[in-house]
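A.B. asks: this one's sequence-less:
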Ligand code: OSB
Ligand code: MG
């Protein structure tokens with residue numbers, strides 16, 4: 001298939017409530033949407049889910065736009081590709097910019113799905129018809145507000161609860177949740193809020209039977225995580241510090257984690273995500289699909305990815321209706337009362353993009369070639 005042109009949209013989706021983690025608060029979700037055209041007039045959608053500021057990793061909406069226009073699209077427009085692997089290889093010499101690479105690769109997968117008539121899940125090698133979903137709950141002003149949200153999500157059927165933690169918003173919070181809700185499937189995500197000096201606090205978490213602690217230490221570290229894992233019982237799950245299948249191999253080799261959160265954006269695409277899945281599956285390392293508060297366009301790829309057999313733990317896949325007033329796919333996906341999302345079986349994105357809404361939320365639009 002030959003790629004003809006691309007359109008890029010910066011969309012600003014208003015959040016219903018601000019989302020706070022140990023690295024800061026997001027009150028507006030800007031994201032980059034990619035619309036890729038082949039020479040037969042087919043369309044593929046993708047989303048590069050960088051945040052507005054470089055607080056989770058170094059990428060931002062602005063760097064994503066530059067990377068796509070200056071470094072990635074020039075290698076794909078006007079060129080022919082047979083496979084996503086071949087497509088991703090065309091810009092593989094570019095270092096970093098994983099969110100941008102992921103969004104572009106997704107648009108190619110979407111084109112491939114439309115033209116082949118096979119769903120994204122089928123193309124990725126998915127086997128599940130439904131995926132299990134958990135909620136990721138940001139840092140609130142008071143513990144009772146977090147507990148109110150947990151009550152609501154448990155009543156809606158969500159399969160596990162993840163709470164964001166940081167220094168002084170950790171033991172008291174987890175203790176209150178266990179006292180109120182008993183032995184629910186519970187995990188915590190620190191987004192790099194601790195260092196090895198905090199091992200005493202992290203050890204205290206051992207008595208709460210948590211499913212895992214996500215990224216307790218530095219965002220680029222694996223060595224200290226290996227040291228920490230020897231000192232705590234709670235399984236460590238790595239998020240920020242796994243940027244490739246090679247990183248996953250090294251982290252597992254040195255016992256820096258027992259579980260991996262695969263966010264396809266963070267690792268630069270679906271091709272790399274499947275490599276990590278396959279590697280972990282062979283070694284019986286559980287993986288699950290994380291999220292970046294994507295719009296329904298980005299989530300479509302996460303849902304299809306989470307249908308692979310090794311994704312054995314619930315995904316961070318709360319529907320956009322929890323975060324956004326409106327999604328740009330219409331209708332958006334839903335979570336049933338047992339905490340499952342049905343994996344689309346139709347070809348293409350699997351959802352229809354509401355282009356009127358997309359335009360309404362677009363603050364900047366670019367065409368390539370210009
Ligand atoms: O660390 O998993 C994270 C959102 C933005 C940045 C980092 C993270 C998150 C989430 C959101 O936890 C999960 C979701 O997309 O539903
Ligand atoms: Mg995380």
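C.D. replies: Great, that's in hand. These numbers come from a predicted model, not from an experiment. Ligands and ions are numbered 1, 2, ... in the order given.

A.B. asks: Check whether residue 14 really touches residue 320, as I assumed.
C.D. replies: No: between residue 14 and residue 320 there is no contact under CB atoms under 8 Å: 11.5 Å. Glycine gets a C-beta too; all of them are placed from N, C-alpha and C.

A.B. asks: The two: which has the busier surroundings?
C.D. replies: Between residue 14 and residue 320, residue 320 has the larger neighbour count (other CB atoms under 10 Å), namely 23 against 12.

A.B. asks: Point out the residues in the chain that sit beside ligand 1.
C.D. replies: 56, 136, 189, 191, 239, 290-293, 316, 318 (CB under 6 Å from any ligand atom).

A.B. asks: out of those, which one sits closest to ligand 1?
C.D. replies: In terms of CB to the nearest ligand atom, no member of the residues of the chain next to ligand 1 lies closer to ligand 1 than residue 291, at 2.4 Å.

A.B. asks: Could you count how many residues lie near that closest one?
C.D. replies: For residue 291, using other CB under 10 Å, the count is 20.

A.B. asks: Equivalent analysis for residue 211, please.
C.D. replies: Neighbours around residue 211, by other CB under 10 Å: 22.

A.B. asks: How is it assigned, secondary-structure-wise?
C.D. replies: coil (DSSP: H, G, I helix; E, B strand; the rest coil).

A.B. asks: thought it was touching residue 313?
C.D. replies: Yes: the pair residue 211 and residue 313 passes the contact test of CB under 8 Å, sitting 7.3 Å apart.

A.B. asks: how about the closest residue to residue 106 other than its chain neighbours, what does it touch?
C.D. replies: Excluding its sequence neighbours, the residue lying closest to residue 106 (CB to CB, 6 or more residues apart in numbering) is residue 46, at 3.4 Å. Residue 46 makes contact with 33-34, 36, 102-110, 297-298, 301, according to CB atoms under 8 Å, 6 or more residues apart in numbering.

A.B. asks: Give me the secondary structure label for residue 46.
C.D. replies: strand.

A.B. asks: Could you do residue 322 as well?
C.D. replies: helix.

A.B. asks: how far away is it from residue 152?
C.D. replies: Counting by CB to CB, to the nearest Å, the gap from residue 322 to residue 152 is 10 Å.

A.B. asks: More neighbours: those two, which one.
C.D. replies: The residue with more neighbours, out of residue 322 and residue 152, is residue 322; 19 against 12, by other CB under 10 Å.

A.B. asks: Around ligand 2, pick out the residues from the stretch 201-350 of the chain.
C.D. replies: Contact residues, the stretch 201-350 of the chain versus ligand 2 (CB under 5 Å from the ion): 214, 239.

A.B. asks: Helices of the stretch 201-350 of the chain, start to end?
C.D. replies: 223-231, 245-253, 270-282, 296-305, 320-323 (DSSP state H, counting those that start in this stretch).

A.B. asks: Of the ones you listed, flag the one that's most buried.
C.D. replies: helix 296-305 (a mean of 28; mean count of other CB atoms under 10 Å).

A.B. asks: now for that one, which elements pack on it?
C.D. replies: When contacts are defined as 3 or more CB pairs under 8 Å, 6 or more residues apart in numbering; DSSP states H and E, helix 296-305 packs onto strand 43-48, helix 98-116, helix 120-124, helix 270-282.

A.B. asks: list the contacts for residue 164?
C.D. replies: Taking CB under 8 Å, 6+ apart, one finds 20-22, 136-139, 188-191 in contact with residue 164.

A.B. asks: Run through the bridge partners of it.
C.D. replies: residue 189 (DSSP bridges).

A.B. asks: Quick one, grab the pLDDT at it.
C.D. replies: Note on residue 164: pLDDT of 97.

A.B. asks: cool, and the one 3 residues further on?
C.D. replies: Reported pLDDT at residue 167 in the predicted model: 97.

A.B. asks: which ones are touching it?
C.D. replies: Going by CB under 8 Å, 6+ apart, residue 167 touches 193-194, 198, 201.

A.B. asks: quick one, phi psi at it?
C.D. replies: As for residue 167, its main-chain torsions (degrees, to the nearest 10) stand at phi -50, psi 130.

A.B. asks: if I read this right, residue 133 contacts residue 339, doesn't it?
C.D. replies: Yes: Residue 133 is within contact range of residue 339, at 5.1 Å (criterion: CB under 8 Å).

A.B. asks: Mind listing the shared neighbours of those two?
C.D. replies: 158-159, 314.

A.B. asks: now the helices of the stretch 201-350 of the chain in CSV, with distance to residue 97 and mean pLDDT?
C.D. replies: Formatted as CSV, those follow (distance: least, CB to CB, whole Å; pLDDT from 0 to 100):
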stretch, distance to residue 97, mean pLDDT
helix 223-231, 25, 98
helix 245-253, 16, 98
helix 270-282, 13, 98
helix 296-305, 16, 98
helix 320-323, 25, 87
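
A.B. asks: what's the angle from the strand ranked longest in the chain to helix 296-305?
C.D. replies: In the chain, with assignment by DSSP state E, the single longest strand is strand 3-21. In terms of direction (axes from the mean of the first three to the mean of the last three CA atoms, to 10 degrees), strand 3-21 departs from helix 296-305 by 90 degrees.

A.B. asks: List the buried residues in strand 3-21.
C.D. replies: Buried residues in strand 3-21, counted by 16 or more other CB atoms under 10 Å: 3, 5-6, 8-11, 13, 15, 19-21.

A.B. asks: same question, stretch 167-181
C.D. replies: 169-170, 173-174, 177-178.

A.B. asks: which parts of stretch 308-319 are buried?
C.D. replies: 308, 310-311, 313-319.
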